[in-house]
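*Asks:* mind folding the following:
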Amino acid sequence: MDHNPSEKSSHACRNLDSRRRKAEKIIRILEQERSLLGAKILDIGAGAGVIAAQLAERGGAMGKVDAVDLEDQRIVHEGFTFTRVEGTTLPFPEESFDVVVSNHVIEHVGDRSAQLDHLREIHRVLRGDGLAYLAVPNRWALVEPHYGLAFLSWLPRRIADSYLRVTRNRTPYDCHPPGPLRLRRLLRTAGLQSTSAAGSAIQAMGEVEKGGFAAHFAALFPSRLLDLIWAVLPTFILLLRRA
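*Replies:* The predicted model follows:
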C-alpha cells in the first residue's frame with residue numbers, strides 16, 4: 001500500500017515492554033493515593049490494551065476495567081471491556097468510575113473546545129471521591145515527543161504543518177499539546193482540581209527501571225521540587241479530583 005503523507009498518524013505505542021512499564025508507573029502513582037483493589041476503572045485511549053489489562057489485574061476479581069478508543073488497536077484483549085467511541089463523549093452514566101486514566105490522550109482529541117469536552121466527560125463519569133490520572137506533553141517542551149522535532153509544538157499551525165512536511169514527509173501536525181496556563185484554565189472550567197504527580201512519576205520511573213537512566217535521574221531531584229516546578233517540565237502528570 002502506498003504511503004500517504006497526509007494520512008492521519010496513529011500515535012498508539014504497540015511496544016509491549018514499554019507499555020507494561022508505563023502501566024506499572026501509572027499504577028504506582030495512583031496507589032500512592034488509593035488502592036485499586038476492587039475499583040471500577042476507566043482507561044481512555046486503550047491503544048494496545050496493555051495498560052487496561054494491568055489495571056484489571058491490579059483491581060482483582062471484584063474490580064472492573066472499561067477501556068475506550070476511537071479505533072481498536074489492541075494487542076492484549078483479555079481482562080477488560082473494550083468499547084469503540086466517536087469523539088470525546090463517553091458511553092457511561094454519571095459517576096460510574098472510581099478511577100479514570102487519560103494517558104497522553106488529550107493532545108489528540110482536538111482543539112481547545114474538544115479538550116474541554118474531554119475533561120468535562122472525565123468529571124461527569126468520575127465518582128465524587130474518585131481519582132483521575134492525566135498525562136500530557138507540555139506545549140513549550142523543547143522537543144515535541146510525537147515526532148521528535150525541536151520547537152514543533154511552539155509554532156503556529158500552518159508553519160508546523162510545513163515543518164512536518166519538510167522533515168517527516170507528513171502533514172498536518174495532528175497534536176494539540178496545551179501549555180500550563182491553558183491546561184489550568186481547562187481544568188478549572190471542567191470543575192476539576194489538580195495536584196502534580198511529577199515527583200511520584202520520577203520516583204516510580206526509578207523503581208520500575210532499576211539500574212537505568214531513570215533511576216539515576218530520580219535520585220537527582222527531590223519529589224517536592226519537581227511538583228513545585230511541574231509547569232516547566234516536558235510532560236505534565238497530574239492527579240485530578242472533582243472540585
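*Asks:* contacts for stretch 17-28?
*Replies:* Outside stretch 17-28, the residues within contact range by CB atoms under 8 Å, 6 or more residues apart in numbering are 13, 36, 47-48, 50-51, 53-55, 58, 101, 103, 133, 200-201, 203-205, 207-209. To be clear about C-beta, it is placed using only N, CA and C from the backbone, and glycine gets the same treatment.
*Asks:* tell me what the lengthiest strand in the chain is packed against?
*Replies:* For the chain, the longest strand by residue count, based on DSSP state E, is strand 126-137. On a contact count with 3 or more CB pairs under 8 Å, 6 or more residues apart in numbering; DSSP states H and E, strand 126-137 meets helix 16-31, strand 97-103, strand 235-242.
*Asks:* helices or strands up against the one helix or strand residue 193 maps to?
*Replies:* In this structure, residue 193 is located in strand 192-196 according to DSSP states H and E. Packing partners of strand 192-196 (3+ CB pairs under 8 Å, 6+ apart): helix 112-125, helix 180-190, helix 223-228, strand 235-242.
*Asks:* then that strand to PDB, C-alphas only?
*Replies:* Extracted in PDB, the C-alpha atoms of strand 192-196 (Å, rounded to 0.1, in the frame of the first residue of the first chain):
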ATOM      1  CA  LEU A 192     -11.600  19.600  38.300                       C
ATOM      2  CA  GLN A 193      -8.900  20.300  40.800                       C
ATOM      3  CA  SER A 194      -5.400  19.100  40.200                       C
ATOM      4  CA  THR A 195      -2.200  18.200  42.100                       C
ATOM      5  CA  SER A 196       1.100  17.500  40.400                       C
END
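*Asks:* show me what the mean pLDDT comes to for the next helix or strand after it.
*Replies:* Heading C-terminal from strand 192-196, the first helix or strand you meet, by DSSP H and E, is helix 198-208. Average pLDDT, helix 198-208: 82.
*Asks:* pull out the buried positions in helix 198-208.
*Replies:* For helix 198-208, the neighbour count (16 or more other CB atoms under 10 Å) marks 198, 199, 200, 201, 202, 203, 204, 205, 206, 208 as buried.
*Asks:* please report how far residue 32 lies from residue 120.
*Replies:* According to CB to CB, to the nearest Å, residue 32 and residue 120 sit 26 Å apart.
*Asks:* now swap in residue 226 and tell me
*Replies:* For residue 226, the distance to residue 120 equals 28 Å [CB to CB].
*Asks:* between the two, tell me which one has more neighbours.
*Replies:* Each of residue 226 and residue 120 has its neighbours counted (other CB atoms under 10 Å); residue 226 has more, 21 against 18.
*Asks:* is it true that residue 43 touches residue 50?
*Replies:* No - applying CB atoms under 8 Å as the test, residue 43 and residue 50 come out as separate, 10.0 Å apart.
*Asks:* who has more neighbours out of these two?
*Replies:* Neighbours were counted for residue 43 and for residue 50 using other CB under 10 Å; residue 43 has more, 31 against 24.
*Asks:* any idea how far that one is from residue 99?
*Replies:* Residue 43 sits 9 Å away from residue 99, going by CB to CB.
*Asks:* could you do residue 174 as well?
*Replies:* The gap separating residue 174 from residue 99 is 28 Å, by CB to CB.
*Asks:* more crowded one of the two?
*Replies:* The residue with more neighbours, out of residue 174 and residue 99, is residue 99; 24 against 17, by other CB under 10 Å.
*Asks:* list the residues that contact that one.
*Replies:* 30, 34, 36, 39, 40, 41, 42, 55, 130, 131, 132, 133.
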